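Kindly generate the corresponding structure for this input.
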Amino acid sequence: MQTATSPDVPQGVRQVEIGPERDGQRIDNALMTLLKGVPKSMIYRLLRTGQVRVNGKRAKPDTRLSQGDMLRIPPVRVAERPAEEGAPQAAIAAVEAAVIFEDKHFLVIDKPAGMASHGGSGVSFGAIELLRQARPKEHLELVHRLDRDTSGVLVFARTRAGLTGLQAAIRAGEVTKQYLCLMVGHPQKAKFDVNASLKKSVLQGGERMVRVADDGKPSLTFFREMEHYSGARLMQATLGTGRTHQIRVHAAHVGHPLAGDAKYGDKEANKRFRERGLHRLFLHASHLSFELDGRSYGFSAPLPDDLRSVLDALRPQEKSRKR
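Sure thing, here's the model as predicted:
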């Protein structure tokens, strides 16, 4: 890291490979993080004049980055600025309390719903920023992401070997990722696969949407029933691929969207589940496992209390119907 010794710090052209922590992030928000101290007006001017490029092509402010993209950042002069205000102590304490594993290479948390994986898009502090403030002497990198409304296992790397090793395993499909989700309705089979290509698009206003499309990226999800309830099924979803919003879109594609899904779900069904106490997407990253340098890693997080209470609220209805 370069240390400023004058009011302005000159930086040359940089080529930055986009990692999983920025997959899906708008380029303007990414640049505000990568170019700390550069005014927003200058960032938008760089974009408008075509000086910022992704994979050699000009980028617009609402361009979404993807893992593996090469981002060209032109020479800029970064003015020093006062240190940013720190995150609320309650938020820092919450992420510290969520730690479930740590060793030389990795730190793992059971991420609460409502906490973003990283800052950006109107979020000042995500899990990675909070952890860096909680542990300022440690080097921490986000290995993968969870959507803000999704709870569960989230892995950070403490070493370069851990970061590159796990990222390589993810790209090779050698990481097992399992989720618990509540499907609306009753799928005909207790065990089934959804093999449907997915394509990302950005709506006017910058909202990200994913849809099933023949020209999309191959996407595979394995669903297995865990528990059944009146009007819903608790399913285990195992990822065969790791596309954006994959479980949510595949569930909706087969006619059984996830409960509480405001983007891809059923509005009337969501209203019924709200009456049962569900106030967010019912999706929880319950397990992640892989092997690295001859060692097996496995991290699990139990279904959080807010989702378990929803299932408890559904049970009396089911039992009364059986009588």
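
Give me the number of neighbouring residues for Ser165.
Rather than Ser, residue 165 is Gly. Other residues lying near Gly165 total 19 when counted by other Cβ atoms under 10 Å. In short, each C-beta sits where N, CA and C put it, glycine included.

any idea how far it lies from Ser66?
Look at Gly165 and Ser66: by Cβ to Cβ, to the nearest Å, they are 21 Å apart.

same question, Ala213
From Ala213 to Ser66 the distance is 16 Å (Cβ to Cβ).

out of those two, which sits in the busier spot?
More neighbours surround Ser66 than the other of Ala213 and Ser66, with 16 against 13 (other Cβ under 10 Å).

Need the pLDDT of that one.
We note a pLDDT of 87 for Ser66 in this prediction.

residues touching the closest residue to it other than its chain neighbours, list them.
Distances taken as Cβ to Cβ, 6 or more residues apart in numbering put Asp23 closest to Ser66, at 5.8 Å, once the chain neighbours are dropped. Residues near Asp23 by Cβ atoms under 8 Å, 6 or more residues apart in numbering: Leu65, Ser66, Gln67, Arg145, Thr244.

quick one: which of those residues has the most company?
Arg145 leads the contacts of Asp23 on contacts (other Cβ under 10 Å) with 25 neighbours.

State the phi and psi torsions of that residue.
For Arg145, the backbone dihedrals (degrees, to the nearest 10) come out as phi -130, psi 160.

how near is it to Ser151?
The value you get for Arg145 to Ser151, if Cβ to Cβ is used, is 13 Å.

cool, Thr176 as well?
18 Å.

cool, Asp305 as well?
Applying Cβ to Cβ to Asp305 and Ser151 gives a distance of 10 Å.

and if you look at Tyr44?
35 Å.

So for those two, which residue has more residues nearby?
Using other Cβ under 10 Å as the criterion, Tyr44 and Ser151 rank with Ser151 on top: 29 against 14.

residues contacting the more buried one?
Asp110, Lys111, Pro112, Ala113, Leu283, His284, Ala285, Ala301, Pro304, Leu307.

so of those, which ones are in strands?
Asp110, Lys111, Leu283, His284, Ala285 (DSSP state E).

my guess is the first one contacts Ala97, does it?
Right, Asp110. No - in this structure Asp110 lies outside contact range of Ala97 using Cβ atoms under 8 Å: 9.3 Å.

These two: who's more crowded?
In this view Asp110 and Ala97 are compared by other Cβ under 10 Å, and Asp110 has more residues nearby, 21 against 10.

Now do the helix or strand encompassing Arg45: which elements does it pack against?
Here Arg45 sits within helix 40-48, counting by DSSP states H and E. Contacting helix 40-48 under the criterion 3 or more Cβ pairs under 8 Å, 6 or more residues apart in numbering; DSSP states H and E are the following elements: helix 27-34.

The helix it packs on versus helix 40-48: what angle between them?
Using axes from the mean of the first three to the mean of the last three Cα atoms, to 10 degrees, the inter-axis angle of helix 27-34 relative to helix 40-48 is 130 degrees.

Going forward, the N-terminal residue is numbered 37.
OK, 37 is where the count begins now, so the last one is helix 63-70.

which residues are contacting helix 63-70?
Applying Cβ under 8 Å, 6+ apart, the set of residues contacting helix 63-70 is 52, 54, 58, 74, 76, 79-80, 82-83, 88, 90, 95-101, 107, 109, 155-157.

redo that, cut-off 10 Å
By Cβ atoms under 10 Å, 6 or more residues apart in numbering, the residues outside helix 63-70 that reach it are 50, 52, 54, 57-58, 61-62, 74-76, 78-80, 82-83, 88, 90, 95-101, 105, 107, 109, 112, 154-159, 165, 242.

what do Arg181 and Ser187 both touch?
Counting by Cβ under 10 Å, 6+ apart, the shared contacts of Arg181 and Ser187 are Lys147.

if we can go back for a sec, please produce CSV containing the contacts of Ser187, extended by pLDDT.
Output for the contacts of Ser187, formatted as CSV (pLDDT from 0 to 100):
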residue, pLDDT
Asp146, 98
Lys147, 98
Pro148, 96
Ala149, 95
Leu319, 98
His320, 98
Ala321, 98
Ala337, 97
Pro340, 97
Leu343, 97
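
buried subset of those?
Using 16 or more other Cβ atoms under 10 Å as the burial test, the contacts of Ser187 include Asp146, Lys147, Ala149, Leu319, His320, Ala321, Ala337, Pro340, Leu343 as buried.

got the contact list for the last one?
Okay, so that is Leu343. With Cβ under 10 Å, 6+ apart, Leu343 has these contacts: 149, 187, 216-218, 270, 295-296, 313-314, 316-320.

Cool, thanks, signing off.
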